[in-house]
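Asker: Can you look at this prediction? I've put the sequence above it.
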Amino acid sequence: MEATVKNDYGTVTVGAGKPDQREIKIVNYVRSIFKDNRFVSCAKLEDGSYCLTVENLASSGRNTQNSIWLSEESFVGFITNFHLYLVITGMDLTQLAKEALDSGIIRYNCSDNLTPLATDSTDL
């Protein structure tokens, strides 16, 4: 099912450098900003796929950008597997997220067609 883009949130280039390279519009996104100026984002694309991205400063010594483009089915599989990992290892994602947001380790923003969490992260 394809989503409709109401505002211009940019595009994601898929198939870069290949004959089938194309731009897909971003429908909505959530972007987290870490204290060390690292960015992590999840964007839903117009064709129903998702793009997950981590951006690091060049001075970090890590790749400046890592992205994965997933179909909706693969995205669901990815997050389900990640959730299973957390459950099996005993990690409480809700608590980890609440602590990171409340302490200021992570800030975030999102497209204006999504509803942000309460400032004290009580929505988690």
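Answerer: Perfect, thanks for sending it. What you are looking at is a predicted structure, and each value in this text was computed from that prediction instead of being measured.

Asker: C-alpha only now, for contacts and for neighbours.
Answerer: Will do.

Asker: Any idea which residue is closest to the centre of this structure?
Answerer: A centroid search over the chain (Cα atoms, centre = their mean) returns Cys42, at 1.8 Å, as the residue closest to the centre.

Asker: quick one, phi psi at Leu70?
Answerer: Backbone torsions for Leu70, taken as degrees, to the nearest 10, come to phi -130, psi 140.

Asker: Can you verify my assumption that it contacts Gly48?
Answerer: No - Leu70 is beyond contact range of Gly48, at 9.3 Å (criterion: Cα atoms under 8 Å).

Asker: Could you give the secondary structure assignment for the residue of the chain most remote from its centre?
Answerer: When distances are taken from the C-alpha mean of the chain, Pro19 lies farthest, 26.9 Å away, according to Cα atoms, centre = their mean. Under the three-state scheme (DSSP: H, G, I helix; E, B strand; the rest coil), Pro19 adopts coil.

Asker: Which element, helix or strand, includes Ile68?
Answerer: strand 65-70 (DSSP states H and E).

Asker: Next secondary structure after that strand?
Answerer: Proceeding N to C from strand 65-70, the next assigned helix or strand is helix 72-89, under DSSP H and E.

Asker: ok, residues contacting that following helix?
Answerer: Applying Cα atoms under 8 Å, 6 or more residues apart in numbering, the external contacts of helix 72-89 come out as 48-50, 92-93.

Asker: what's the most distant pair in the residues you listed?
Answerer: For the contacts of helix 72-89, with distances taken as Cα to Cα, the pair at the greatest spread is Gly48 and Asp92 (28.6 Å).

Asker: quick one: which of these two has more around it?
Answerer: The residue with more neighbours, out of Gly48 and Asp92 and counting by other Cα atoms under 10 Å, is Gly48; that gives 17 against 11.
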